[in-house]
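Engineer: What follows is a protein structure lacking sequence information:
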């Protein structure tokens, strides 16, 4: 994702849902000959596409399409995230016991995700994600619906930091100017209005006004 050099914005639950929905939509438009939906899904998220050029091209086109629906996410990051989600799903839903154990381990060890993952029996990345999404306390200023003032503030900041044909160059800078919201929240607030594509074409159309 776009941000400060070396900084990658974590995936949100909303993005996870958008990712998997986009994958299903792209995949179901044209399944490979002789493969079921389940087989195709497994092939795409496992990366086991075989040696045939046609299948490699198919997989590349699918992930390119998926990435086009998610603001500032690359084809590779979408594939990596889907693969992680699939692996986590295969292990089953998170239990309250696991969530409690992660909370205790973080309190004891800090964000030592490899250690925590081994203790819980889940991938380190999955433990990190579930902690951030469901366990980590969030400041009150970063919760709740956006106020009209915040939306107007976001609109002005986004217009200032957007570039024609590209859109916003740094969501981290946008969040710093908006104040009280994370870069993820600012990016998704704009994306949820379906206006990211407009932003890449022209600043004037960013908010559809």
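Structural biologist: Nice, I can see it. Model, not experiment: these values are computed from the prediction. Numbering: from 1, shown residues only.

Engineer: how close does the closest residue to residue 10 other than its chain neighbours sit to residue 180?
Structural biologist: Leaving aside its sequence neighbours, residue 10 sits nearest to residue 132 (CB to CB, 6 or more residues apart in numbering; 6.0 Å). Where C-beta positions appear, they are placed from N, C-alpha and C, glycine not excepted. According to CB to CB, to the nearest Å, residue 132 stands 18 Å off from residue 180.

Engineer: Repeat that for residue 113.
Structural biologist: Taking CB to CB as the measure, residue 113 falls 28 Å from residue 180.

Engineer: Which residue of the two possesses the greater neighbour count?
Structural biologist: residue 113 (21 against 14; other CB atoms under 10 Å).

Engineer: Just give me the neighbour total for the closest residue to the more buried one other than its chain neighbours.
Structural biologist: Excluding its sequence neighbours, the residue lying closest to residue 113 (CB to CB, 6+ apart) is residue 124, at 4.0 Å. By other CB under 10 Å, the residues close to residue 124 number 15.

Engineer: Wait, the residue nearest to residue 10 touches residue 11, no?
Structural biologist: No: using CB atoms under 8 Å, residue 132 is not in contact with residue 11; the gap is 9.1 Å.

Engineer: So which of these two has more stuff around it?
Structural biologist: residue 11 (23 against 16).

Engineer: if I pick the more buried one, what's in contact with it?
Structural biologist: Residues near residue 11 by CB atoms under 8 Å, 6 or more residues apart in numbering: 19, 81, 129.

Engineer: go with 7 Å
Structural biologist: 81, 129 (CB atoms under 7 Å, 6 or more residues apart in numbering).

Engineer: Okay then, goodbye and thanks.
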